[in-house]
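K.L.:
quick one, what's the 3D model for this:
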Amino acid sequence: MYNPFSLCGKTILVTGASSGIGQSTAIECSKMGASVIITGRNEQRLKETFLQLEEGSHQMIAADISKFEEIKKLSDECPPLDGISHNAGIGKVLPVKFIKPSDLDDILTTNTEAPILLTQTLLKKKKIKKDASIVFTSSLCGVYCVHYGESVYAASKGALSGFAKGAALELAAQGIRVNCINPSIIQTPLFNTISVLDEEERETKLKNYPIKRLGLPTDTAWAIIYFLSEASAWVTGNNLKIDGGYTLI
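P.N.:
Residues are numbered from 1 along each chain as shown. Below is the predicted model of the structure:
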């Protein structure tokens, strides 16, 4: 059966695959026929993801991509890629007056520098095929003010959205497409870790979503698959909001 969203025959690198959006993306890509290379710094949780992949020629590489030496090692171990899904990220609730240099270093290194340098290194080592697709997982707060205390996190994700546009322009001549997804609240371990909302506040927040639910990891995974597949062959430099209608209100 014809399916423009198929990833059969494609090799896809998924970062941050040990949990949340990255884990869901890896699993869903394997269901669409891709050979998936998963990476993350928590080897045990990465193994748990690996066991959930559909049968196929998959690979697991434990790496902490906040360290450039491990970026280079990961790049060396990767085969030529048809697609990359960048999902590794961290977050902290930090009111502006409490921001410390170490907070900036941690968040910007993981959320912004790591995916940029991984992309650069893979390109330099000729590990990204012509006509490949690169997808960055940014955040709605990178382009739209969502919550108090997320200024540094928003800065890290906003920078990623900007980088994706510039990279899309530069790499278009090679047929390489670059896009970004900008999800709002997705129910992942990261959200549960950084959220300052209690149950009552979450219910109040839910009223701001016309679709009346928070996002699921699969909501983002399926959007990423769209960008990785031939269904989006003429789409590059986009920032796709995945927000259940939040920005309509």
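K.L.:
name the helices or strands packed onto the longest strand belonging to the chain?
P.N.:
If you go by DSSP state E, the chain has its longest strand at strand 128-137. Helices and strands touching strand 128-137, by 3 or more C-beta pairs under 8 Å, 6 or more residues apart in numbering; DSSP states H and E, are strand 81-86, helix 114-124, helix 151-171, strand 177-183, helix 217-228. Placement of C-beta: from N, CA and C, glycine included.
K.L.:
tell me which of the ones you listed lies nearest to Leu53.
P.N.:
Nearest to Leu53 among the helices and strands packed on strand 128-137 is helix 217-228; the distance by C-beta to C-beta comes to 12.9 Å.
K.L.:
give me the buried positions along the closest one.
P.N.:
Pro217, Asp219, Thr220, Ala221, Trp222, Ala223, Ile224, Ile225, Tyr226, Phe227, Leu228 (16 or more other C-beta atoms under 10 Å).
K.L.:
may I see the buried residues of the longest strand of the chain?
P.N.:
Ile128, Lys129, Ala132, Ser133, Ile134, Val135, Phe136, Thr137.
K.L.:
need phi/psi at the nearest residue to the second one once chain neighbours are set aside.
P.N.:
What that stands for is Lys129. What sits nearest to Lys129 in space, not counting adjacent residues and going by C-beta to C-beta, 6 or more residues apart in numbering, is Pro80, at 5.2 Å. Main-chain torsions, Pro80, degrees, to the nearest 10: phi -60, psi 140.
K.L.:
can you give me the pLDDT of Pro80?
P.N.:
Looking at Pro80, its pLDDT is 99.
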